[in-house]
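1. Take a look and give me a structure for this.
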Amino acid sequence: MSRTPRREADLLITDEKEPVKRRLRERGAEERPAELENLLNLLARAMLHPPASTMASFVAGKVFQKLERTGTLNHKQLQDTGIPSGLESALQNAIATGGICAEVAQCVRSLVHEFVWIRGRSGPFASLNFETAHAHSVIVGPGGLEDRTDIRIGLTYMEPYSRFPDHVQRFSRAFLLLSACELSIAGESWFSTKAGGVFAAEAGQSFAMRCTTAPLLAVWCHVEEIGRSRR
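-> Take a look at the predicted model:
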């Protein structure tokens, strides 16, 4: 009997039970730290670049438009954040590729000790070691460096020879790959992508992701549900 992804679970969302509710501040009330501002500018440049797919640029464009307003900024440097042991290797690989990936990876490295790393649950077809072989961090969004509820920009790390649980996307989501990996979207055949690739998976589509000899590192973003956003 074939198995299908659980449709109720979007496994890039790890805080459904206790969503953070914060009032957005108008841009200018508090300036973003230079490192965060630089990272967001680089992500916008990469994800809105012409080679990106039309759908990815559409999703990312809505996210970065909302960044004209600033959320609640978390200035306190966090302690014991559980940084994945292989993250530095993944960042070095991204830097070695050069170009926009290298710039993004260098910015991530400058902020890595301020991220909160969360391990999500496993699911259909996940690698056996998945729960200890991956971690997510929210850059902008609930509990992130910039805390807000209307959008989410996150970072996902996976150790070599890991497969992310197959699941159905709740939100239309754009991805920027900082490493090579293999993907299957909407039940289509697996395809390989290189570092620097930008793609999107639409809401309601099945999504599968895996890596082989090298760790996976990806940035992703989406607009949250309209009912949860503030304008």
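
2. What about the closest residue to Gly141 other than its chain neighbours, how many residues nearby?
-> Closest residue in space to Gly141, ignoring its immediate chain neighbours: Arg152 at 3.4 Å, by Cβ to Cβ, 6 or more residues apart in numbering. Heads up, the C-betas are built off the backbone N, CA and C, glycines and all. When neighbours are counted by other Cβ atoms under 10 Å, Arg152 registers 24.

3. Also the one 3 residues further on?
-> Burial measure for Leu155: 23 neighbouring residues, criterion other Cβ under 10 Å.

4. Can you name the element that comes right after the helix or strand where it lies?
-> Using DSSP states H and E, Leu155 maps to strand 151-158. As assigned by DSSP H and E, the chain's next helix or strand after strand 151-158 is strand 163-168.

5. So which elements touch that following strand?
-> Judged by 3 or more Cβ pairs under 8 Å, 6 or more residues apart in numbering; DSSP states H and E, strand 163-168 is in contact with strand 206-210.

6. Parallel or antiparallel, list what pairs with the strand it packs on.
-> Partner strands and pairing direction for strand 206-210 (DSSP bridges) are strand 163-168 (antiparallel), strand 181-185 (antiparallel).

7. still on that earlier bit, pairing partners for the strand holding Leu155, with directions?
-> strand 134-140 (antiparallel), strand 216-223 (antiparallel).

8. thinking again about what came up before, return the most buried member of the strands paired with strand 206-210.
-> Of all the strands paired with strand 206-210, strand 163-168 carries the top mean neighbour count, a mean of 22, counting by mean count of other Cβ atoms under 10 Å.

9. Pro33 reaches Leu73, doesn't it?
-> Yes. The criterion here is Cβ atoms under 8 Å, and Pro33 meets it with Leu73 at 7.3 Å.

10. Quick one: the helices in this protein, in order.
-> According to DSSP state H, the chain carries its helices in the segments 34-47, 54-66, 87-97, 99-111.

11. Format those as JSON lines; extra columns: distance to Tyr161.
-> Converted to JSON lines, those look like this (distance: least, Cβ to Cβ, whole Å):
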{"stretch": "helix 34-47", "distance to Tyr161": "27"}
{"stretch": "helix 54-66", "distance to Tyr161": "27"}
{"stretch": "helix 87-97", "distance to Tyr161": "14"}
{"stretch": "helix 99-111", "distance to Tyr161": "21"}
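
12. Take the strands paired with strand 151-158 and lay them out in JSON lines including mean neighbour count and distance to Asp166.
-> Listed next are the strands paired with strand 151-158 as JSON lines, based on neighbours: other Cβ atoms under 10 Å; distance: least, Cβ to Cβ, whole Å:
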{"stretch": "strand 134-140", "mean neighbour count": "24", "distance to Asp166": "14"}
{"stretch": "strand 216-223", "mean neighbour count": "25", "distance to Asp166": "15"}
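
13. With distance to Leu176 and mean pLDDT as added columns, please give those strands in CSV.
-> Shown next, in CSV, are the strands paired with strand 151-158 (distance: least, Cβ to Cβ, whole Å; pLDDT from 0 to 100):
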stretch, distance to Leu176, mean pLDDT
strand 134-140, 12, 95
strand 216-223, 5, 97
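
14. Mind putting those into JSON lines with distance to Ala208?
-> Output for those, formatted as JSON lines (distance: least, Cβ to Cβ, whole Å):
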{"stretch": "strand 134-140", "distance to Ala208": "14"}
{"stretch": "strand 216-223", "distance to Ala208": "13"}
